[in-house]
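A.B. asks: This is a predicted model, with the sequence first.
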Amino acid sequence: MTYDPLDSISRPTAASRMAVLPHLPTAATACVEGRRFVADHLSRWGVPFQVCDTVVLLTSELLANAVRHGPPPLCLQLDADQHRVRVEVSDSNPVLPVLTRPDFEAIGGRGLWLVDTMAGAWGCTPQPSGKVVWYEVPLT
């Protein structure tokens, strides 16, 4: 499955914009499709490229965690207003992520640490069908 702009849902308003990629594969292609989806929408919305780069990186980290730890379905939601960009990744695993600081020799385990370091805010919300992990990056 590849990202098709026609498969996404986009709802622009005067104050904010939102786009949803409702069905992501639980495979390595989810990260590629998610990065492309986020970059395409943020570019179209005129978000500064420095913010776009950060959001693309952090989205890739959340999607990689969802693919690794969360069974399908996976969903990506992107919101932007005049103050911030917010990304939400939902999966059907009810276990909430735990922030850890990985050992210097560890090969992985830095995704949530990057989100915590680079995002203005982040968190997770339990849902009846699993959870939503989200973060926000300020536009300033």
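C.D. replies: Yep, that arrived.
A.B. asks: C-alpha only now, for contacts and for neighbours.
C.D. replies: OK.
A.B. asks: where are the low-confidence patches of this structure?
C.D. replies: Low-confidence segments of the chain (pLDDT under 70): 1-15, 106-109.
A.B. asks: What segments of it are helices?
C.D. replies: 29-44, 49-69, 111-118 (DSSP state H).
A.B. asks: what's the spacing between stretch 95-106 and its chain's center?
C.D. replies: Centroid separation for stretch 95-106 versus its chain: 18 Å, with CA atoms, centre = their mean, to the nearest Å.
A.B. asks: for the helices of the chain, which one sits closest to residue 125?
C.D. replies: Nearest to residue 125 among the helices of the chain is helix 49-69 (13.9 Å), distances taken as CA to CA.
A.B. asks: can you tell me how far the residue lying farthest from the centre of the chain sits from residue 85?
C.D. replies: In the chain, counting by CA atoms, centre = their mean, residue 105 sits farthest out from the average C-alpha position, at 26.4 Å. Distance of residue 105 to residue 85, given as CA to CA, to the nearest Å: 33 Å.
A.B. asks: And the spatially most central residue of the chain, how far from residue 31?
C.D. replies: Against the mean C-alpha coordinate of the chain, by CA atoms, centre = their mean, the closest residue is residue 59 at 3.4 Å. Distance, residue 59 to residue 31, using CA to CA: 8 Å.
A.B. asks: Now residue 88. Nearest residue, chain neighbours left out?
C.D. replies: residue 134 (4.2 Å; CA to CA, 6 or more residues apart in numbering).
A.B. asks: ugh, wrong one, I meant residue 83
C.D. replies: Using CA to CA, 6+ apart, the nearest residue to residue 83 is residue 139, at 5.5 Å.
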